[in-house]
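# below are the sequence and a predicted model; questions follow.
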Amino acid sequence: QDNEKLNKENEEQGFDIKQILGYVRTYWMLIAVSGLLCLSAAVFYLMRATTVYNVTAKVLLQDSEKGGAVISPADMLADFGMRGAKSNIENEIELMSSLSVLRDAVLSADLHVRYYRDGDMMYKAASPIAVSMEQDVLDLLEKPLMLEVELGKDGSAMVAVEYDKMELPAQMVASLPCLFETPAGPVTIALNEAFETPKKDEADVEEQQNVIMVQVAPVYNVVNMYKNGLAIAPLSKTSSVAALSYNTSVIGEGIDFLNAVMVCFNNKSNENKRQVALRTEEFISERLDTLRQELEAMESSLAAYKKSNEIIDPKLDATQVSKDKAEYIKLLEQIDLKIETAKFLNDYVNNPENDMQVMPASFGVTLDAALVALINNYNAKALERKALLQTVTAENPALKNLTVMVTSMQADLRLALSALAKSLDIERRSVAILVDQYTGRFEMSPEVERQLLSITRECTIKSELYVMLLQKYEETLLSIEVSSDNLSCIDEPHCT
């Protein structure tokens, strides 16, 4: 009964299994041949298709909204009412993927030059030759330049050129390196020092590997290609970590590209910060010169006024004078304490016994925030190195990288402490001048006192502005000398 119901349902739906099986028995040869052809086509496609690898890296970007830089030029300008826009991770990502950064990355890693063997692209380290072109000639290149280089066993080479639908016959080159003239301009062909000659068992294989196709492409064509393939995205909205990825058929090329992007991004951002700091230094320097001239004129006017009125020193309100003098003396004592602390830190960091050791992090006085941040970063890396040293040997790459980083940060600390000492010395001299001004004043008549106070007040305002500008000038110089990269690599570029 069940079979009869099933047959009735199949008949109602127009689905006859027996009829289909009859077709299969009748045309089994055609079905088998079709399946075999489809399988063969799929295997052929997989054998000929280019394998695409995904190269990724993870980086930490500085974000002033989630943790700022050591010294921000915008913060230095804030005191003058010139607050700039804060940087954030979106701006850093835009800069990293900009054409200027990618162009520098392409040129630094020689990614505009590609090498082929038997139609397949290969990593530049696997090529026995290296081709380069001068920057001014490369900038004029409008279309790809193709070179076919066949190396001879005696060190000679046969070079054929194709450019802009123009093919030139092969020419003999006696030895490498050489400067070879092409319709696009001269190119340098040299043996690749990084190339390791593979073991060859057959003569035809050796001859085949000595024929290399080289393509020198216009830089911005290559830059646009890499820009379209590069993906940069933050991992989350609450962190400053971003992921970089690039799809490529040559793993080494992708790793070189991402490494070059990170290096060139740091160079570009550091150069931008340096340019801002230099402009700030130029502005403050001009303003200091103007203030210095104004102060000299006002001091001359004050001296002339005292001489014309036969004044030794005016009599000021004792309470106010005593209060101002006490404040400046207290400030002077604080500066002296900072100078002693800076001297202690300078002696500590220059002591060979303290090399690679953790520095004191608590000083009892308020020091420059940038210096404190630099010390904390140094201590973190020193502790990380010390912990790693207990588990690995001295030849470990990670330990070597940490040692280089700690040594670099020690040099930055020495520069920062030297700049801080100079800044504190300038500040102390300025405050000492103000203390002397309040200490040596004598009694004077009310009218003369009023005039003298007016002139003195203007001098004081100019002096305080001059002191503040001097401090900002030293901070700017410190920011020029001590730069912190905007990007730190968390995970090195690798294939996934």
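Sure thing, it's come through. Numbers count the residues shown, from 1 in each chain.
# the strands in the stretch 151-300 of the chain, which residues?
Counting by DSSP state E, counting those that start in this stretch, the stretch 151-300 of the chain has strands at residues 157-163, 166-173, 178-180, 187-191, 211-216, 230-234, 241-248.
# quick one, the last one and strand 230-234 angle?
Strand 241-248 and strand 230-234 meet at an angle of 160 degrees, taking axes from the mean of the first three to the mean of the last three C-alpha atoms, to 10 degrees as the criterion.
# show me which residues of strand 241-248 are buried.
Neighbour-count burial for strand 241-248 flags V241, A242, L244, S245, Y246, T248 (criterion: 16 or more other C-beta atoms under 10 Å). (Glycine included, C-beta is placed from N, CA and C.)
# quick one: distance of it to the chain centre.
With C-alpha atoms, centre = their mean, to the nearest Å as the basis, strand 241-248 stands 16 Å off its chain's centre.
# pairing partners for it, with directions?
strand 53-61 (antiparallel), strand 230-234 (antiparallel) (DSSP bridges).
# got those strands as TSV, with mean pLDDT columns?
Formatted as TSV, the strands paired with strand 241-248 follow (pLDDT from 0 to 100):
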stretch	mean pLDDT
strand 53-61	90
strand 230-234	91
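# and which of the buried residues of strand 241-248 is nearest to V106?
Nearest to V106 out of those is Y246 (C-beta to C-beta; 12.4 Å).
# just list whatever residues bridge to that closest one.
Following DSSP bridges, Y246 is listed with bridge partners V55, L230.
# what sits against it?
For Y246, the contact set (C-beta atoms under 8 Å, 6 or more residues apart in numbering) comprises N54, V55, T56, Y226, G229, L230, A231, G254, F257, L258.
# correct me, but the second one touches V250?
Looking back up the chat, that one is V55. No: the criterion here is C-beta atoms under 8 Å, and V55 misses it with V250 at 9.6 Å.
# could you list the low-pLDDT ranges of the stretch 151-300 of the chain?
Within the stretch 151-300 of the chain, the ranges that satisfy pLDDT under 70 run 196-209.
# so where do the helices sit in it?
All helices of the stretch 151-300 of the chain, identified by DSSP state H, counting those that start in this stretch, fall at 203-209, 219-229, 251-308.
# how about the helices in the stretch 1-150 of the chain?
Ranges of helices within the stretch 1-150 of the chain are 2-13, 17-26, 28-48, 73-78, 89-96, 99-108, 135-139, based on DSSP H, counting those that start in this stretch.
# can you flag the weakest of those by average pLDDT?
Mean pLDDT per stretch puts helix 73-78 lowest among these, at a mean of 47.
# okay, now the nearest residue to D491 once chain neighbours are set aside: neighbour count?
Sequence neighbours aside, K58 is the residue nearest to D491 in space, at 3.9 Å (criterion: C-beta to C-beta, 6 or more residues apart in numbering). Neighbour count of K58, defined by other C-beta atoms under 10 Å: 16.
# does K58 really touch S239, like I thought?
No: between K58 and S239 there is no contact under C-beta under 8 Å: 10.9 Å.
# how far does the helix or strand hosting K338 sit from the chain's center?
Element membership for K338 (DSSP states H and E) is helix 318-350. Mean-position distance between helix 318-350 and its chain equals 38 Å (C-alpha atoms, centre = their mean).
# contacts only, for the spatially most central residue of the chain.
Ranked by distance to the mean C-alpha position of the chain (C-alpha atoms, centre = their mean), the top residue is N266 at 0.9 Å. Counting by C-beta under 8 Å, 6+ apart, N266 touches D485, N486, L487.
# again, 6 Å this time
Applying C-beta atoms under 6 Å, 6 or more residues apart in numbering to N266 gives the contacts D485, L487.
# give the next helix or strand downstream of the one helix or strand A380 maps to.
Assigning secondary structure by DSSP H and E places A380 in helix 369-389. Past helix 369-389, further along toward the C-terminus, the next helix or strand under DSSP H and E is helix 397-439.
# what mean pLDDT does that following helix get?
If you average the pLDDT over helix 397-439, you get 81.
# just after that helix, pick out the following helix or strand.
Next helix or strand after helix 397-439 toward the C-terminus (DSSP H and E): helix 446-481.
# ok, then the element right after that next one?
Assigned by DSSP H and E, the successor of helix 446-481 is strand 487-495.
# show residues contacting that next one.
With C-beta under 6 Å, 6+ apart, strand 487-495 has contacts from 53, 55, 57-61, 251, 255, 258-259, 262, 265-266.
# give me that answer again for 8 Å
Here strand 487-495 makes contact (C-beta under 8 Å, 6+ apart) with 53-62, 92, 96, 241, 244, 251, 254-255, 258-259, 262, 265-266, 269.
# pull out the buried members of these.
55-62, 92, 96, 241, 244, 251, 254-255, 258-259, 262, 265-266, 269.
# leaving out the residues flanking it, which one is nearest to L288?
Closest to L288 by C-beta to C-beta, 6+ apart is L469, at 5.4 Å.
# tell me if I'm right that that neighbour and D289 touch.
No: assessed by C-beta under 8 Å, L469 is found out of contact with D289, at 10.4 Å.
# higher neighbour count, the two?
Legend: neighbour count by other C-beta under 10 Å for L469 and D289, higher for L469 (20 against 10).
# what sits against that one?
I284, R287, L288, L291.
# who wins on neighbours among the residues you listed?
Using other C-beta under 10 Å as the neighbour criterion, I284 leads the contacts of L469 with 23 neighbours.
# for that residue, give me its contacts.
L469, K472, Y473, T476.
# now pLDDT and distance to I455 too, for these, in TSV please.
Putting the contacts of I284 into TSV (pLDDT from 0 to 100; distance: C-beta to C-beta, whole Å) gives the following:
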residue	pLDDT	distance to I455
L469	84	21
K472	84	26
Y473	80	26
T476	78	31
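# any idea which of these is closest to V137?
Using C-beta to C-beta, T476 comes nearest to V137 of those, at 39.9 Å.
# and the residue lying closest to the closest one once chain neighbours are set aside, how far from R414?
The shortest distance from T476 to any non-neighbouring residue, by C-beta to C-beta, 6+ apart, is to E281 (4.6 Å). Note on E281: its distance to R414, by C-beta to C-beta, to the nearest Å, is 21 Å.
# surely D164 touches T182?
No: when contacts are counted by C-beta under 8 Å, D164 is not listed as touching T182 (10.7 Å).
# who has more neighbours, the two?
T182 (19 against 10).
# what's the nearest residue to the more buried one if we skip its chain neighbours?
Here the residue nearest T182, using C-beta to C-beta, 6+ apart, is V161, at 5.0 Å.
# which pLDDT value goes with G68?
G68 is assigned a predicted lDDT (pLDDT) of 40.
# count the neighbours of I212 for me.
Other residues near I212 come to 21 when the count uses other C-beta under 10 Å.
# give me the nearest residue to it, chain neighbours excluded.
Nearest one to I212, counting by C-beta to C-beta, 6+ apart, is V149 at 5.0 Å.
# hang on, isn't the one you found packed against V214?
Yes: using C-beta under 8 Å, V149 is in contact with V214, at 6.3 Å.
# on that earlier part again, any idea what the residue nearest to I212 is bridged to?
Beta-bridge pairing for V149 (DSSP bridges): V159, I212.
# and it, how many neighbours?
V149 sits with 23 neighbouring residues when counted by other C-beta under 10 Å.
# what of Y27?
11.
# cool, and the one 10 residues further on?
Residue crowding around L37 was assessed by other C-beta under 10 Å; the count is 10.
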